[in-house]
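*Asks:* Sharing a model prediction with you, sequence too.
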Amino acid sequence: MIQSIIGRLVSTIPVMFVVSLIIFSLLYLTPGDPARIIAGTTATEEDVARIRETLGLNEPFLHRYLDWLGGVLHGDLGRSIFMDRTVIELIGQRMEPTLSVMALTVIFAVLVAVPCGVIAAWRVNSLTDRVVMLFSIAAFSIPVFMIGYVLDYFVAFKMRWLAIQGYAGISDGIGPWLSYLVLPTVSVGLVYIALIARVTRASMLEVLSEDYIRTARAKGLLGRRILFLHGLRNAANPIVTVVCVGIALLLGGAVVIESVFNIPGIGRLTVDAILRRDYPVIQGVMLLFSLIYIAINLLADVLYLFFDPRIRY
Amino acid sequence: MSSTLTSAKLLWDDQAVPAPVLSVSSLSTSIAGRGTEKSLIRNVSFDIQPGRTLSIVGESGSGKSVTALSLLRLLPPSARIAGKVRLQGQDISDLGDRQMADIRGNRIGMIFQEPMTSLNPVLPVGLQIEEALARHAVAKGAEARRRAVELLDKVRIPHAARRCGEYPHQLSGGMRQRVMIAMALACGPDLLIADEPTTALDVTTQSGIIDLLKAIQAEDGTAIMFITHDMGVVAEVADDVLVMRDGEVVEHASSFDIFSRPSHPYTRQLMRAVPRIGDMRGREGPERFAAVGAEAPSAGPQTRHLVTRDSAHKVLSVHGLSVTFRVRDDRRRLRKTDLHAVRDVSFDLFAGETLSVVGESGCGKSTLARGIMGLQPINAGSVAIDGRTPAAMRADGRKALQMVFQDPFASLNPRLTILRSLTEPMTANGIAPAEAAETAAGLMQEVGLSAEMLSRLPHEFSGGQRQRICIARALALKPKVVVADEAVSALDVSVQAQVLNLLMELQERRNLALLFIAHDMAVVERLSHRVAVMCFGRLVEIGPRAAVFDSPAHPYTRQLLSAVPVPDPARRFSTAGRADSFERPVISASARMKDLGGGHLVLAD
Amino acid sequence: MTKPAALSLPVPRLSASWIGGGIVVLIALAAVFAPILGTVDPMAMSPLNRMKAPSADFWFGTDTYGRDLYSRVLYGGRTSLAVGFAVAILSTVAGLAIGLFAGYFRRVDGIVMRVMDGVMAIPAILLAIAFSALLGGSLGTVIVAISIAEIPRVARLIRGLVLSLRGRMYVEAAILAGVSQPRIIWRHILPNTLAPLIVQATYIFASAMLLEAILSFIGAGIPPTTPSWGNIISEGRAVWQIKFHIILYPAIFLSLAVFAINTFGDGLRDALDQRGMKHQ
């Protein structure tokens, strides 16, 4: 088991390498002199020179890449160009809201989506099934910020049931914290629920046609045990996969939803950094996102081992 | 012998004997499709007496499995079932879903064809038995656990207590089928339904399962409904036989009558198509099957000329061929070890000759075929076709060596017309399209199909027809050697006989050398000039067909031959003398081939 | 031997997919024929008519510059549909090429697929935002940015298909018959990847339109001089609490179009799945 996990860890090294290369190369995407563009039209030559120095634009590519990579490996992601803080500090400050939204969303979505998918598969082609499927396509079709605005407009702005914008830390109490988070969670959660429900349904449909389900029925077992012990347990792996891959979707969704609800999280940090071309921050945040993604994939691999005794790495 | 049996049966019938365990009358099942209703079985009636075995036989689509699933109501909800089913006198045809579930696994146990897929892969086998006990309130908790071990013991699984905690993938196919049997027997059912329980198993494993079922029947007096397509198995197990075709019962008689004097023409035709091991004893060359199906009557049995085995007629020469796979080590995960799929195999094949390679699943026979064809890289040894080296062969596309695959449904591209599939090999080798099309038309006639069918797509053909097309494609480049990898295994017995007749006919006409990879010993006996036996990647015995079948020299060959069921109830095996199916032959790495004379070689230490 | 499972074929959902297809065609026609559908110049500002509610003169109302929303939404459809279509074509073609290459030439497979894994490790929205913003927003960069984020998924799909098709017996039969590699790819591999590729392309079409809107929303999208559903919504954002209709109309059109395309894709997939079943 531990060997397997170490093996998986080792296999992520080439992927991390590719990721770091892509992220670092982003700097070169900007047409023209990045330093001048960052500095803006009103900047003096000294400002440009300073920025160029900060970014290390005077050095050759490989040299700078290795320099940056060395820093990253030592936990040094550099300093923001516009804010007088290190990238690590900035990320640390913005972590809590984003993690709160994501954790709540994952829990909420799994609790809603898996039962929906199982019921849709069990009663395939029934009214329930069609409603679940219709809802899932609808959720895929509405831009996440629209869901956010509509909910915010009616539930918070018109009805005054929940906080409209902003964020209250968990240290301010669970009540206020939730009142800021419910709408963002539901907004990003809908797509995620749709995705998980669809995959659960498909996976269950496949499993329910397997020979061992017929064996379970031939044993005289009844519906619920067949569905959950024999069915869901076998259908688990694709569901685990989509829950984990879906977190990438959530990370993207967080970027958008934090703008809608004015939540001071990593998503806002990222958008602001990209629009201002604050390269050290962009690189740091992107690296963080891909690290989370890779870590979650590792977690999925471990969960596979738990659900399916046949799997070995 | 026959008179005693008949009179015993009459006597038995006269005494008013116990009521049937199961009584089925006019069972009909249809399935609702889009606006249409498709009838699957019609008017099926039969009784099963306690302690007796009824075999339901038939080819694919005959409705034999549907009959069993209809009894237990395990068909999809869109199925409509009519007719009366009585279990121990109780009418169970009108029971509600819940009451039916109380009967399933409790009073009727069922085992299925595929032990690989019929057990839940993510639950320990012990638990899967325990839950049947718990569901029908036979035993719970620790008591259920103890009973599960007992049951595994009863189906002769060694170390039953330890096996309870293992998962299906840790057990062999035969073991899994034993677990299925244990599960079906858990609640002491009145009736056991076995749906093709040995079809997916190797022949030595099959004999073990059959012996086990018989022993359990003798012990508990369970009535058994045994569904199969294999007449040899029927002869081994059945007291009575129900022959089905296209959803209807065509004949219902005692096993002895079915085999000795089948009354319905279909049953007679079926019997003629069944190869029987030992039929060829004392005969010279391969023989075709007697007229089967719609075939021309001229294709009757005929003795064939002998093959000249000298260097001038040698078309394929395999020398010291080995194939090794790098696989993950079971104990140390990150290490890899070598698995010798094929090890040091050598043989020659001559023009007009059929050499059959037999062995059980995993023995390396298919890998050998793929190695010869170049579909699998070989690690050592050489293959020479028509005296030429592999390098020279590659230059002209290995035209002289072609292959027919096992699965006729997967070996034709579903999107290409038959014409395009047939002409592809020729146009790829520089033959003009018009000429290729003409040859394709000729090939279709040669394999017993018509040239008009060339414009059709594969899904418009039956399995047998597709296999004929695949044979035609293999012949398109006028090869000298055709490798047939389990080419008839997926076909029904009557179709199989026709395709085998075709192969023998083509061989004669074209002086073709045939390398026939198979597991069915009776088929192999029928059409081979020579036979090679493989086990654990090694060739353990090779020689003329008569020598290998009549005086097998290697213990494994003997084990293999003795396990084959013979389609004749009078020649039923005594179960006592059979080897335990868990015993596997030991083959030492240092063993070498020993010449017994007359081209008969055996692996010996 | 009879497998009862095979008897219960799923009911085809072609009808729903035709409705979806019909809606897509209608919206596309409305966008193409925008000039003759009672529109005015979508760029014409009218300071007197700022933020008007829907009326007989302004069917969908006006935006913060007094521009006619109905005209902007119709013309905006051109841009949004064009982005969806271009991304669908670009990413499927590139993904197909990469997937075929990786699936067929095993030596480069490891490297190519690690690069794809690397791209996939960065959330698609983020990658698209970064590319689009850093390159400078324009129709072309938006299309390229979204395509780059979509390519790895297509490549993975195709590679998996190629690997399974390569092992099919009819492909092996063709190899044995001496058929050349390019011909095998062309005749036996490529046609069998088309059905799933087309289904994938419809999904990408839909998701690209959503991504375009998100890019505009973030401020990294197509500049407002070319109206698109995304940037119309984005411009209405500032006043969403008082003039909700400004973002509502383009959002309804966008959602309806995406919904229709997704439904069409689902129906297509089910229909093609069934054909695959029959041909197995």
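*Replies:* Everything's here; your move.

*Asks:* and residue B:24, what helix or strand is that in?
*Replies:* Element membership for residue B:24, per DSSP states H and E: strand B:22-32.

*Asks:* Return the helix or strand in the chain with minimum mean pLDDT.
*Replies:* Looking at chain A here, since you left the chain open. Scoring the helices and strands of chain A by mean pLDDT, DSSP states H and E places helix A:34-39 at the bottom, with a mean of 74.

*Asks:* wrong chain, I was asking about chain B
*Replies:* helix B:2-14 (a mean of 45).

*Asks:* Which strands or helices does the next helix or strand after the least confident helix or strand of chain A pack on?
*Replies:* Note on helix A:34-39: by DSSP H and E, the next helix or strand toward the C-terminus is helix A:45-55. On a contact count with 3 or more C-beta pairs under 8 Å, 6 or more residues apart in numbering or on different chains; DSSP states H and E, helix A:45-55 meets helix A:34-39, helix A:279-307. In this view, the C-beta of every residue, glycine as well, is placed from N, C-alpha and C.

*Asks:* what comes into contact with whatever helix or strand comes next after helix A:45-55?
*Replies:* Going down the chain from helix A:45-55, the next helix or strand is helix A:61-73, by DSSP H and E. By C-beta atoms under 8 Å, 6 or more residues apart in numbering or on different chains, the surrounding residues in contact with helix A:61-73 are A:20, A:21, A:24, A:28, A:56, A:57, A:59, A:77, A:78, A:283, A:287.

*Asks:* do you know how far the first one is from residue A:70?
*Replies:* Taking C-beta to C-beta, to the nearest Å as the measure, residue A:20 falls 11 Å from residue A:70.

*Asks:* same thing with the second one?
*Replies:* As judged by C-beta to C-beta, residue A:21 and residue A:70 stand 14 Å apart.

*Asks:* More neighbours: which of these two?
*Replies:* Legend: neighbour count by other C-beta atoms under 10 Å in any protein chain shown for residue A:21 and residue A:70, higher for residue A:21 (13 against 10).

*Asks:* part of a helix, is residue C:266?
*Replies:* Yes - under DSSP: H, G, I helix; E, B strand; the rest coil, residue C:266 falls within a helix.

*Asks:* who's in contact with it?
*Replies:* Applying C-beta under 8 Å, 6+ apart, the residues near residue C:266 are A:133, A:137, C:13, C:16, C:17, C:20.

*Asks:* Then residue B:249?
*Replies:* B:43, B:44, B:45, B:46, B:242, B:243.

*Asks:* Get me the contact residues on chain B for chain A.
*Replies:* Contact residues (C-beta under 8 Å from any C-beta of the partner chain) of chain B with chain A: B:72, B:74, B:98, B:101-106, B:109-110, B:112, B:114, B:117-123, B:131-132, B:135-136, B:167, B:169, B:180, B:183-184, B:328, B:333-334.

*Asks:* Is chain C within reach of stretch B:46-61?
*Replies:* Yes - judged by C-beta under 8 Å from any C-beta, stretch B:46-61 comes into contact with chain C through B:59, B:60, B:61.

*Asks:* tell me the centre residue of the chain?
*Replies:* Went with chain A since none was named. In chain A, the residue lying closest to the centroid (C-alpha atoms, centre = their mean) is residue A:251, at 2.8 Å.

*Asks:* that's the wrong chain, I meant chain B
*Replies:* residue B:199 (5.4 Å).

*Asks:* okay, now the nearest residue to residue B:18 once chain neighbours are set aside: neighbour count?
*Replies:* For residue B:18, ignoring the flanking residues on the chain, the nearest one in space by C-beta to C-beta, 6 or more residues apart in numbering or on different chains is residue B:50 at 5.5 Å. Per other C-beta under 10 Å, the neighbour tally for residue B:50 reads 16.

*Asks:* what about the chain, any weak spots by pLDDT?
*Replies:* Picking chain A for this. A:1, A:32, A:312-313 (pLDDT under 70).

*Asks:* sorry, should have said chain B
*Replies:* In chain B, residues with pLDDT under 70: B:1-17, B:291-306, B:328-335, B:389-397, B:571-584.

*Asks:* thinking again about what came up before, of the contacts of residue C:266, just say which sits nearest to chain B.
*Replies:* Using C-beta to the nearest C-beta, residue C:13 is the member of these that lies nearest chain B, at 12.8 Å.

*Asks:* Kindly report the residues of the stretch 51-200 of chain C close to chain A.
*Replies:* C:114-115, C:117-126, C:129-131, C:133-136.

*Asks:* 10 Å instead?
*Replies:* C:110-111, C:113-136, C:141, C:145, C:148-149 (C-beta under 10 Å from any C-beta of the partner chain).
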